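Structure, please.
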Amino acid sequence: MYQVLYRKYRPQVFSDVYGQDHVTSTLQNEINQGRISHAYLFTGSRGTGKTTCAKILAKAVNCENPINGEPCNECEVCRGLDSGSIYDVVEIDAASNNGVDNIRDLREEANYTPSRGKYRVYIIDEVHMLSTGAFNALLKTLEEPPAHVIFILATTEVHKLPATILSRCQRFDFKRIQPETMAKRLGQVASLENIELDNDAAILIARIADGALRDGLSILDQCASRSKRVTSELVSEVAGLAGKEAMFKLSSCISNKQTNDAVNIISDLYQNSFDMERLCVEMINHFRNYLIVKTVNKSRELIICTDNEYNNILEGAKSFTLESIIYAIDLLQKTLIEIKRGASARIEVELAFVRLCNPKLEETNEALLQRISELERAVKTGTIVSAQPTPVQVKEEPEMAPEEFTEEEKAEEAPIEPQSAAPIEEQPKEEIPAQNEAAPMPEPPKEEPAPTPAQSETPSQFEFMQWGEFMEVLHKEDVALFGILSGSKGFIRGEYFLIDSANVTVRDFIRIPTHAKAVKKALFEVTGQQYKLGLFKRKDNETEKRDPLEDLISKAQGNINLEVK
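Numbering: from 1, shown residues only. The predicted model follows:
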């Protein structure tokens, strides 16, 4: 009869136990020094070696020829315990023997001396399943058992044990087995079984097993029944996982707000029999990797994957803010809870991705924080500005003539002469005269070359998307002008920087050379370019038709199209 791998390769000595050196070394020292306790408590998650270590300890304390605290596995007692012919080690399943009567029978049997070994060992598995009465019946015997009796209690839920039980035992906490350690053990077993196991496949199995070596060996056993060469693709298929490519595609759909593509990918996975609950778990782990690379300096040590996959994780994380990653993990975890409650797995997963691709559908604080974080990143890092903005088509007649910007340039160099300044009311509406404007000197007429087609075209105009950074710099340079320009925005048209403001005092301020210098200095610090200044004029009957918050969100996403009349 075929024996499964986790039973066939169960450790027979402490040195074969992987990932629990802090437990096995202590137990070996106690056996060597003869300091054997009357009661032990082994606690930890499933598949970490609790029952295995209990059996090894039971053999070691009864072995006739122990070697450095290890059972020899050659003497009559060791062989008898392995074969079951010696009954000095008793294993009890507390899940099915959890009553007071069962514990009473155990206490009566404990009075009998061992038949062959030195100790009579009781291994009580899943001890947290005992009833309150059974715990009370066990207390006195557990505290002062006969000299030839040793109790070994094993549990995965130590918090359910009464404090009176905990205080009577030596407690050993079994840790989850690290993926590197598990992958090494899987490679050894595969070699003994003549199975060709790829490194990527071993790492993937270790990640799926989640610290439980028994689960890892079971997955390897299942894969080996399909093929003698185990690859990561085979592991994904056997375990019902979506491949790494699907994870990255889905996260890309979220960052690019592509709801249609995300739902189609989920549909393809569902048609190929991928488990939707497992898909949800894998996406949580995927975003967890993004979270680690965003928050931890040495993230490579905390993410178990190949170097190529790690580089892909680093690249994919750039598309998300920390708030959006936390929001995605939180939403997916809520989805997983709903699936476990019995909701339709496919529908819940699809709803989750629709919400992730459309944060506006969510009214929670987490969704709002995600949207705000995207706006902050757009303003502070200028990621939207780095893309080429869509030029806005303008009419042939500009809002301000180029001569006006030339005069503004002169305002910084020529001295101010108030007596020569003309009142604003006497100027045409389309012009902003400089304060130090003097009578133009007659110049001899000269022929200008005919403009080329490229020169005759009206320059393209687009909104200045780095207004937030510009205002931060301007606040340091000119606080008064900063207050005047609050709530305004700017436009770039060729070599000119146009200020669009509803404050009528902007016209007077911008004509003063000191304020003009402050604006140009701030522009140069933000953009690295020199601009000429002017005002952006709208028609009197033009009104804003968009909601300010929606407009701001659209600008940050790079999707707004301005219409300048």
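
Distance of the closest residue in space to Ser218 that isn't next to it in sequence relative to Ile219?
Sequence neighbours aside, Tyr6 is the residue nearest to Ser218 in space, at 6.0 Å (criterion: C-beta to C-beta, 6 or more residues apart in numbering). Every C-beta, even on glycine, is put in place using the N, C-alpha and C of the backbone. Look at Tyr6 and Ile219: by C-beta to C-beta, to the nearest Å, they are 10 Å apart.

Also Asn285?
16 Å.

And for Gln3?
17 Å.

Next: Arg10.
17 Å.

Past the helix or strand hosting the residue nearest to Ser218, which element shows up next along the chain?
Element membership of Tyr6 [criterion: DSSP states H and E] is helix 5-8. The element immediately downstream of helix 5-8 (helix or strand, assigned by DSSP H and E) is helix 21-33.

that older thread, so Tyr6 and Ile219 - more neighbours on which side?
Ile219 (22 against 19; other C-beta atoms under 10 Å).

mind listing the strands in the protein by residue range?
39-44, 89-93, 120-125, 149-155, 170-174, 196-197, 229-230, 461-463, 489-493, 496-500, 532-535 (DSSP state E).

Adding mean pLDDT, mean neighbour count and distance to Ile372, write those out as CSV.
Shown next, in CSV, are the strands of the chain (pLDDT from 0 to 100; neighbours: other C-beta atoms under 10 Å; distance: least, C-beta to C-beta, whole Å):
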stretch, mean pLDDT, mean neighbour count, distance to Ile372
strand 39-44, 94, 23, 42
strand 89-93, 91, 17, 54
strand 120-125, 93, 23, 51
strand 149-155, 94, 24, 46
strand 170-174, 94, 17, 42
strand 196-197, 92, 18, 47
strand 229-230, 91, 20, 46
strand 461-463, 81, 19, 21
strand 489-493, 86, 21, 19
strand 496-500, 86, 21, 24
strand 532-535, 84, 21, 31
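
Export those as JSON lines, with columns for distance to Glu76.
Shown next, in JSON lines, are the strands of the chain (distance: least, C-beta to C-beta, whole Å):
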{"stretch": "strand 39-44", "distance to Glu76": "25"}
{"stretch": "strand 89-93", "distance to Glu76": "14"}
{"stretch": "strand 120-125", "distance to Glu76": "17"}
{"stretch": "strand 149-155", "distance to Glu76": "20"}
{"stretch": "strand 170-174", "distance to Glu76": "29"}
{"stretch": "strand 196-197", "distance to Glu76": "38"}
{"stretch": "strand 229-230", "distance to Glu76": "40"}
{"stretch": "strand 461-463", "distance to Glu76": "89"}
{"stretch": "strand 489-493", "distance to Glu76": "91"}
{"stretch": "strand 496-500", "distance to Glu76": "96"}
{"stretch": "strand 532-535", "distance to Glu76": "100"}
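
for the stretch 201-350 of the chain, which spans come out with low pLDDT?
240-242 (pLDDT under 70).

Now do the helices in it.
213-224, 232-239, 244-255, 259-271, 276-295, 307-317, 322-340, 345-357 (DSSP state H, counting those that start in this stretch).

out of those, deepest packed?
helix 213-224 (a mean of 22; mean count of other C-beta atoms under 10 Å).

list the helices and strands that helix packs on?
If contacts are counted by 3 or more C-beta pairs under 8 Å, 6 or more residues apart in numbering; DSSP states H and E, helix 213-224 sits against helix 5-8, helix 179-192, helix 199-209, strand 229-230, helix 232-239.

Which strands or helices does the second one pack on?
Looking back up the chat, that one is helix 179-192. Helix 179-192 sits against strand 196-197, helix 199-209, helix 213-224, with contacts defined as 3+ C-beta pairs under 8 Å, 6+ apart.

Dump these to TSV, plus distance to Leu336.
Formatted as TSV, those follow (distance: least, C-beta to C-beta, whole Å):
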stretch	distance to Leu336
strand 196-197	30
helix 199-209	16
helix 213-224	19
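
which one of the ones you listed lies closest to Phe135?
helix 213-224 (27.6 Å; C-beta to C-beta).

Distance from the chain centre to that closest one, please.
Put simply, helix 213-224 sits 28 Å off its chain's centre (C-alpha atoms, centre = their mean, to the nearest Å).

Using CSV, write down the CA coordinates of it.
Written as CSV, here are the backbone C-alpha positions of helix 213-224 (Å, rounded to 0.1, in the frame of the first residue of the first chain):
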residue,chain,number,x,y,z
LEU,A,213,5.6,21.3,6.2
ARG,A,214,2.9,18.6,6.2
ASP,A,215,0.8,20.7,3.8
GLY,A,216,3.9,21.3,1.6
LEU,A,217,4.6,17.6,1.4
SER,A,218,1.0,16.8,0.5
ILE,A,219,1.1,19.4,-2.3
LEU,A,220,4.3,17.9,-3.6
ASP,A,221,2.8,14.4,-3.4
GLN,A,222,-0.2,15.6,-5.4
CYS,A,223,2.0,17.2,-8.1
ALA,A,224,4.2,14.1,-8.4
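
what's that helix in contact with?
4-6, 9, 18-19, 46-49, 177, 182, 185-186, 189-190, 193, 195, 197, 201, 205-206, 208-209, 230, 234-235, 238-239 (C-beta atoms under 8 Å, 6 or more residues apart in numbering).

Highest mean neighbour count out of the helices and strands packed on helix 213-224?
helix 199-209 (a mean of 22).

Just give the number of residues close to the closest residue to Ile165 other than its chain neighbours.
Closest residue in space to Ile165, ignoring its immediate chain neighbours: Phe135 at 6.2 Å, by C-beta to C-beta, 6+ apart. Neighbourhood size, Phe135 [other C-beta under 10 Å]: 19.

wait, isn't Ile123 in contact with Lys55?
Yes - assessed by C-beta atoms under 8 Å, Ile123 is found in contact with Lys55 at 7.2 Å.

Now do the shared contacts for these two.
Val89.

and the gap between the nearest residue to Val23 once chain neighbours are set aside and Leu57?
Leaving aside its sequence neighbours, Val23 sits nearest to Phe172 (C-beta to C-beta, 6+ apart; 4.8 Å). From Phe172 across to Leu57, the span is 10 Å (C-beta to C-beta).
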